[in-house]
Structures are given as C-alpha cells and as structure tokens.
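Student: build me a structure from this.
(2 chains)
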There are 2 protein chains.
Amino acid sequence: LSKACIIGGGSWGTALATVLATNNFKVCMWSRSQYVVDHITKNRCSPKLPGIRVPDNVGATTSPNEAVKDACIVVSTVPSTAVREVASVFACILPEDCIMISATKGFDPGTFSRPSEVWKEASASLKNRIAAISGPNFAVEIARKLPAATVVACPDLSIRETVQSAFITPYLRVYTHWDIIGVELGGALKNIIALACGMIEGTGLGYNAQAALISRGIAEISRLGVGLGADPLTFAGLSGLGDLVLTCTGHLSRNRQAGIAVGKGEDIETFMARTGYTVEGYTTVKSAMNISETVGVSMPITCVVYKILYQKLSVMRGLSEIMSREKRPEHEPNSGLVR
Amino acid sequence: LSKACIIGGGSWGTALATVLATNNFKVCMWSRSQYVVDHITKNRCSPKLPGIRVPDNVGATTSPNEAVKDACIVVSTVPSTAVREVASVFACILPEDCIMISATKGFDPGTFSRPSEVWKEASASLKNRIAAISGPNFAVEIARKLPAATVVACPDLSIRETVQSAFITPYLRVYTHWDIIGVELGGALKNIIALACGMIEGTGLGYNAQAALISRGIAEISRLGVGLGADPLTFAGLSGLGDLVLTCTGHLSRNRQAGIAVGKGEDIETFMARTGYTVEGYTTVKSAMNISETVGVSMPITCVVYKILYQKLSVMRGLSEIMSREKRPEHEPNSGLVR
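Tutor: I've put the predicted structure just below:
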C-alpha cells in the first residue's frame, strides 16, 4: 500500500484525502489543530466538511514527522498565507524521492511567489519533483464523489503522469499540463474576477455584464500570465476559464458572496467580520496589482476591484470606469495573446 | 440622419433597434408579420419584448423595399432556419454600398453554412461589406440598457470599425475582430454545450461537472473552429467563452432550460411542444455532427448530446461515456490549439 500525506485539515485537504483513499493510498492528514485531528480520528469526519465520512484508510496527526513518514506523495492544501511557514517546517523532513504537490490557490503575500515556488525555495532536494493541482473543484462535491475534472501541472512529464495516476478516479477526470505557471496563476487570480462578478450581481446589473466581465477577466489574467512566462492557451482550459466560471457563477463561492455584499453597499471588512470567511481575492488583488506593475501589464478589472476594496471607490463608478475605456479590437492577428 | 434597417421583429431585432436608435439612427424594422408591425407602430412595443418601449425613431413595416430604403446599415436578426429564404428576398434590393450585418446565431440547416456565408452567396454585390455581430447578450438586458459587451467581426478593418461606431454606446461596449469565422461559430455552437450543461443541472450532478463541461466544451468548439479556419484565441473571447458562459449559466437561456428538462427525464420534443420554445441547439447539434465528420475533428460532448437527443441514450450513460475517456494531457506544448 502506497502512503500519501495531506498537509492541512480543511475542506480541500479532506476532499483530496478521499480521492487518494479511493485509489487505495494509505493517507495521513496533518493539521496543527488537535481539535481537527481528534475530530477526524474519532468522528471520521472533518469539522470543515460536515456530513462527509472520511474513509478508513485516512488518518490524522499533529506531528509533521509522523504525517510524512514513508509518503511517496505529499500534498499541501494550506492557505496561501501559511505556505511559507509550513514549507519551512516540512522541507527538511520530506521523504527522499517523494513528489510534492501544491494544491494552494494564491500568492505568498510577502514575495508574491506562487506556492510551488515557495516549496522549491524551501527544499532544494525536491528538484523537479514539484507539481501543482488546480481546477474547477468545490471540495464538498469532490468529497461527495460527484463528477469533476482537474489539472495536474509539472514541467516534468513522468512526474505529472505519476500524479495523474494517483488522483484519477471514475468520478474525477485528471488532465496533465506542462505549464505549471499558468495553472497556478489561473487558480490565484480568478478570485479577483469573482469579487467583481459578485459586485455586478449585488448591484443588479444583469447577466450580460457578468459574462462580459468573465471574458475580459480571463483576457487580463492571460496577459499577466504571458508576462510571467505562461502559455496563453492554458487560461482557456480547466484551471483558467473553468475555475473562473465555477467561482464566478457557483453559489458556493465565498469570493463571489463577498462581492455581492460589497455591491449591496457593505464594507468588505464588515463582511469578513460578520461571516468569518477568508476572502482570498481580498489579499490576491493586492499581490496582483504589485505583480502587474512589475511586469508592466494593464489589468483594468483588477485595478478597479483594488480601488473599490482599498480606496473606497464606489462600485457604480468603478464599473463605468471599465465601460468607458477607449474603443478597441478584442485582439489583433498573430499577437499571440488576448488583449 | 443615417438610416438603418433591422430584418426581423423578434427580441434581438428589437434590442438592436434600440441600440441604433440610441446612436440617432432612423431605424426601420422589417417583419413578415402584420401583427408584429402593428404592435410596434401602434403600441411602441414589440410583442417579443413586453414592457420595453421602442424609441420614437424606430418604425416597422412588412415591405422589404420600404424597410431597406436608403439604409446604410442592414442588420439581419432572423433565426438560422430563415436566413436563406430572407436573404433571397433582400439580396437584390439592398442599397448600394450598405453594410450587411448578420446577428443570427446558428447554421443554415441545409448546407451547414454560417449565416454571413449565406448572405454572401445570395448577394455578390455585397463583396466585403458583410460583418457579424455576436457576444454574450440577452436581448432584454440590452433593451433595458444594462451594461454589456459584444463583438463585431469582419476581415475588412474599415467595415468593422464603421459597425463598431454604429453600435457602441455608454452601456454597450463593442469590440472589433477580424475573425468572422470564429465569431460566428462561437455563437452557433454554444447552444449544444448549454443543452449538456442543463442536463447536468437536471440530474443534480453539481457545479464542478458544469464548469468542467464548459471548459471542455470551449476546447471542442475551438478544435472545430481551427478545422474551419478560425483563430483558436477567438474562442477565448466574448463571442466564444463569454457567450458560452452566459448561455450555460444565465437563467434566461432556453437551451439550458431544455437541457434541464431532458436531465429530469423529459423528451426534448415534449419540452418544445409544452413550452413553444425554439431550442436552437437541437438543430445545431445535427449540423455540428455533420461538420465535425467532414472536417475530421473529435467532438465528444457534441456527440453525446446528439446521441441523447436523437438516439435516446440516457443522460447518465452519456455523461459516464465522457468521463471514462482515456487519460490525456489538457493540451501539448506548441500544438497551437486546445485539445
């Protein structure tokens, strides 16, 4: 029986544990919280995914050493804000030849690095054995074994195919991709557009405007991606447009819900305090503004969302700013990217 | 005052008439129905868009000659099944130098030609003065002047820029595009995917599956498009993904509603008889099957939708057929298209 370690006891970690368990891995989940570990081991259920039974071949521990022992696959599912700290704990205890898979969506808030880059910096011994998994996946639906598709990205062909085999099940279709930069960026940047989409919903401006926003959103995500070395076509796939569509239209998305509240006049801080939700787009939009300035790429939607959230621009004024930009072509022949 | 003619008295024709009226065109709408014409001229309202006031500078007639007289812009908004017949009526009476704009989404059911091709065949004198307009646009929202974006496509730069200027308003952002093939195909093929998306909704399989379907749907639309000479990146834009997202997630979409009914066990024919709706995807899927075989492009979702609608394959079996295809990469480096 192969062993796998899941770092993080939240809903996504638990969902991925059930997937690996379906494929007969012996899974050990790590959480820093004794409460979460006890809940999983005693109640066979994660507190973040109530009603979903954790399979018998999934255990849990607060000990990093115990969690990674003999694991051939280690999956990090912690929030983007925790990756650097967690990576520094695990880097020196990872089993030799294990494959590290980052399932985190977002940027390291201090350096704006992608999660897989943070792991690479933390552990030189991992070398090319770092992959990312990202796609249009609500955790609760994966845990319920409803049909879904996702993407495993790594420049190394044999690594990504190994990870594909580990995660593919009759209900989860796993595609491989070489473009880890594009795959990680799609998952991080979609939350900004989901916030904007929620704002349109909250102000009652209709479906056309949301569809336009999603299209122009993927265009500006692609532009930034190309500036950072990604393939523009990656963003037309599951980890780009697929995840964007899910987050912008699925009613389970917290970023979209936050946008709706803001569109109705609530402060984002008030929303977060009231609901207790982590709204990832709120921090991501700051990182994206920084990155876009460094790379020299124009991101009008990101810029307006930033102004609305951090500089108290009104939603209606922000939207009319986007609508009143100069006339232009959607993109030009052979430019190689969507403008 | 410039004159414009709208061919077709339905909801989309009326919505585009209000846009041109906003830009001070004197608009004449043509409908074969005396009832529709009377409704518009007397009640200032189209029967297909109840509650929306038609502006004063919009008239209506059943006479083709009167409708196109002195028009510098002629917009065809008739259903795909009617284009050939209507084009044969109007071809020989179009004003010299007028620009013909096709706003029809679908294929000519007899020849599988795009609507703009049918117009081109019908009227040699039009030459390069044929454009297409397509995008994520529910008619009722455009008529209400809610914010939206759309695409005007024509290989000729000055033609598409003229049309852009005619339609751009503070609430409708118009982008230009050279790739008329891709822009028309996106609008036609989306309805097949919307049907499939509705089926998933109807069977209760969740958001992840719908997002995956939309991503893989745009991938197969792009494949067919490339086979027919379109640019793959066109499908990542407003007229591709944007319209697809709107049709697959907006609650006003008839194709999606039909899919939901089929997912719940109703026959598509029963659904159409019960609601009186034209479900464009029902005819488009037949055309797409034919085209894909001619071009030699694999379209797994289209193929399953065809089997479900015309060969009574069960929805659950159709879906598991898509999920159980062989393991594969999402796309390969430098292949130039999304697989």
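Student: CA only for contacts and neighbour counts going forward, please
Tutor: Noted.
Student: do you know how far the residue lying closest to residue A:83 once chain neighbours are set aside is from residue A:199?
Tutor: In space, and not counting its chain neighbours, residue A:83 is closest to residue A:115: 6.6 Å by CA to CA, 6 or more residues apart in numbering or on different chains. Distance of residue A:115 to residue A:199, given as CA to CA, to the nearest Å: 28 Å.
Student: do the same with residue A:227
Tutor: 28 Å.
Student: which strand residues bridge the residue of the stretch 101-250 of chain A found nearest chain B?
Tutor: Nearest residue of the stretch 101-250 of chain A to chain B, counting by CA to the nearest CA: residue A:176, 4.3 Å away. Counting by DSSP bridges, residue A:176 is bridged to residue A:152, residue B:329.
Student: my guess is it meets residue A:161, correct?
Tutor: Yes - counting by CA atoms under 8 Å, residue A:161 is a contact partner of residue A:176 at 6.8 Å.
Student: the more surrounded of those two?
Tutor: Between residue A:176 and residue A:161, counted using other CA atoms under 10 Å in any protein chain shown, the more crowded position is residue A:176 (25 against 20).
Student: quick one, what contacts the more buried one?
Tutor: A:151-153, A:160-161, A:164, B:328-330 (CA atoms under 8 Å, 6 or more residues apart in numbering or on different chains).
Student: same list, those, but as JSON lines with pLDDT please.
Tutor: Formatted as JSON lines, those follow (pLDDT from 0 to 100):
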{"residue": "A:151", "pLDDT": "97"}
{"residue": "A:152", "pLDDT": "98"}
{"residue": "A:153", "pLDDT": "98"}
{"residue": "A:160", "pLDDT": "97"}
{"residue": "A:161", "pLDDT": "97"}
{"residue": "A:164", "pLDDT": "97"}
{"residue": "B:328", "pLDDT": "79"}
{"residue": "B:329", "pLDDT": "84"}
{"residue": "B:330", "pLDDT": "81"}
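Student: which of those count as buried?
Tutor: A:151-153, A:160-161, A:164, B:329-330 (16 or more other CA atoms under 10 Å in any protein chain shown).
Student: per-residue pLDDT of the residue positioned nearest the centre of chain A, please?
Tutor: Chain A has residue A:105 as the residue nearest its centroid, 2.4 Å off, counting by CA atoms, centre = their mean. Residue A:105 carries a pLDDT value of 94.
Student: for it, phi and psi?
Tutor: Per-residue torsions, residue A:105: phi -110, psi 120 (degrees, to the nearest 10).
Student: residues contacting it?
Tutor: For residue A:105, the contact set (CA under 8 Å, 6+ apart) comprises A:79-80, A:115, A:134, A:184, A:187-188.
Student: kindly provide the distance from the residue nearest to residue A:83 to residue A:85.
Tutor: Residue A:115 is 12 Å from residue A:85, by CA to CA.
Student: swap in residue A:167?
Tutor: 26 Å.
Student: for chain A, which helix is longest?
Tutor: helix A:180-203 (DSSP state H).
Student: with only the CA atoms kept, save the helix or strand following that helix in PDB.
Tutor: With elements assigned by DSSP states H and E, the helix or strand that comes after helix A:180-203 is helix A:207-227. In PDB, the C-alpha atoms belonging to helix A:207-227 read as follows (Å, rounded to 0.1, in the frame of the first residue of the first chain):
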ATOM      1  CA  TYR A 207     -26.100  38.500 -16.700                       C
ATOM      2  CA  ASN A 208     -24.600  40.200 -19.800                       C
ATOM      3  CA  ALA A 209     -22.400  42.300 -17.700                       C
ATOM      4  CA  GLN A 210     -21.200  39.300 -15.700                       C
ATOM      5  CA  ALA A 211     -20.400  37.300 -18.900                       C
ATOM      6  CA  ALA A 212     -18.500  40.200 -20.300                       C
ATOM      7  CA  LEU A 213     -16.600  40.600 -17.100                       C
ATOM      8  CA  ILE A 214     -15.700  36.900 -17.100                       C
ATOM      9  CA  SER A 215     -14.400  37.100 -20.700                       C
ATOM     10  CA  ARG A 216     -12.400  40.300 -20.100                       C
ATOM     11  CA  GLY A 217     -11.300  38.800 -16.800                       C
ATOM     12  CA  ILE A 218      -9.700  35.800 -18.500                       C
ATOM     13  CA  ALA A 219      -8.200  38.200 -21.000                       C
ATOM     14  CA  GLU A 220      -6.400  40.200 -18.400                       C
ATOM     15  CA  ILE A 221      -5.400  37.100 -16.400                       C
ATOM     16  CA  SER A 222      -3.900  35.700 -19.700                       C
ATOM     17  CA  ARG A 223      -2.000  39.000 -20.300                       C
ATOM     18  CA  LEU A 224      -0.400  38.800 -16.800                       C
ATOM     19  CA  GLY A 225       0.300  35.100 -17.300                       C
ATOM     20  CA  VAL A 226       2.100  35.700 -20.600                       C
ATOM     21  CA  GLY A 227       4.200  38.400 -18.900                       C
END
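Student: can you list contacts of the very next helix or strand once past helix A:207-227?
Tutor: Downstream of helix A:207-227, the next assigned helix or strand under DSSP H and E is helix A:243-249. For helix A:243-249, contacts defined as CA under 8 Å, 6+ apart pick out A:135-137, A:186-187, A:190-191, A:193-195, A:197-198, A:214, A:218, A:253, A:255-256, B:207-208, B:211, B:245, B:249.
Student: buried ones among these?
Tutor: Judged by 16+ other CA under 10 Å, buried ones among the contacts of helix A:243-249: A:135-137, A:186-187, A:190-191, A:193-195, A:197-198, A:214, A:218, A:253, A:255-256, B:207-208, B:211, B:245, B:249.
Student: on that earlier part again, between residue A:167 and residue A:85, which is the more surrounded one?
Tutor: Shown here are residue A:167 and residue A:85; by other CA under 10 Å, residue A:167 has more neighbours (21 against 11).
Student: start to end distance for stretch A:298-317?
Tutor: End-to-end distance (CA to CA), stretch A:298-317: 19 Å.
Student: go on, stretch A:74-86?
Tutor: Counting by CA to CA, you get 13 Å between the two ends of stretch A:74-86.
Student: how about the strands in the stretch 51-200 of chain A?
Tutor: A:58-61, A:71-76, A:99-102, A:130-134, A:148-153, A:172-177 (DSSP state E, counting those that start in this stretch).
Student: near chain B, which residues of the stretch 51-200 of chain A are found?
Tutor: A:136-138, A:141, A:146-151, A:170-178 (CA under 8 Å from any CA of the partner chain).
Student: I misspoke; the intended subject was the stretch 201-339 of chain A.
Tutor: Going by CA under 8 Å from any CA, the residues of the stretch 201-339 of chain A near chain B are A:205-209, A:211-212, A:214-216, A:218-219, A:233, A:236-238, A:241-243, A:245-246, A:249-250, A:323-324, A:327-333, A:337-338.
Student: now for the residue nearest to residue A:83: which residues touch it?
Tutor: A:80, A:83, A:102, A:104-108, A:184.
Student: would you point out the most distant pair within those?
Tutor: Between any two of the contacts of residue A:115, the greatest separation by CA to CA is 13.9 Å, found for A:83 and A:184.
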